[in-house]
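Asks: With the sequence up front, the predicted model follows.
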Amino acid sequence: MNGRIFSIRPNPYAAFLEGQIKRYQTAKSVVAEARSTITNDRNRAKLAELEKFYGMYHHSLNDLLEYLNAQASEVGK
């Protein structure tokens, strides 16, 4: 292991979701920016669909993160 110590974060699933949320926020911004520069209606519609998907995914990740944080709070009591 080259002297490295393996460690697990206190709340690894929440940390994972936080990373996913950040990534998809960035991806959604990139899609929105691309959509604003594209003139082809079909391509704009596809990008709008993708942007909507990212929004729904972001919402579901936030819901799951809230649930995990609430569970962690209950365990910590």
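Replies: Great, that's in hand. These numbers come from a predicted model, not from an experiment.

Asks: Give me the mean pLDDT for the helix or strand harbouring Asn62.
Replies: Using DSSP states H and E, Asn62 falls within helix 41-75. Averaging pLDDT along helix 41-75 yields 93.

Asks: Buried residues, that helix. List them.
Replies: 47, 50-51, 54, 58, 61, 65, 68 (16 or more other CB atoms under 10 Å). All C-beta spots, glycine's among them, are computed from the backbone N, C-alpha and C.

Asks: so which of these comes closest to Leu17?
Replies: Leu65 (4.5 Å; CB to CB).

Asks: Nearest residue to the middle of the protein?
Replies: Nearest to the geometric centre of the chain sits Ile21, at 2.1 Å (CA atoms, centre = their mean).

Asks: which ones are touching that one?
Replies: Contacts for Ile21 (CB atoms under 8 Å, 6 or more residues apart in numbering) come out as 58, 61-62, 65.

Asks: rerun that using 6 Å as the cut-off
Replies: Residues near Ile21 by CB atoms under 6 Å, 6 or more residues apart in numbering: Leu61.

Asks: Just the pLDDT for it.
Replies: At Ile21, pLDDT is 94.

Asks: cool, and Phe6?
Replies: 54.

Asks: try Met1
Replies: 48.

Asks: cool, and Pro10?
Replies: So Pro10 comes in at 76 (pLDDT).

Asks: That one and Thr39: what is the separation?
Replies: 49 Å (CB to CB, to the nearest Å).

Asks: the more surrounded of the two?
Replies: Using other CB atoms under 10 Å as the criterion, Pro10 and Thr39 rank with Pro10 on top: 9 against 6.

Asks: three-state assignment of the more buried one?
Replies: coil (DSSP: H, G, I helix; E, B strand; the rest coil).

Asks: Just put the buried residues of helix 41-75 in TSV and tack on distance to Phe16.
Replies: Shown next, in TSV, are the buried residues of helix 41-75 (distance: CB to CB, whole Å):
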residue	distance to Phe16
Leu47	27
Leu50	23
Glu51	23
Tyr54	18
His58	15
Leu61	10
Leu65	10
Leu68	10
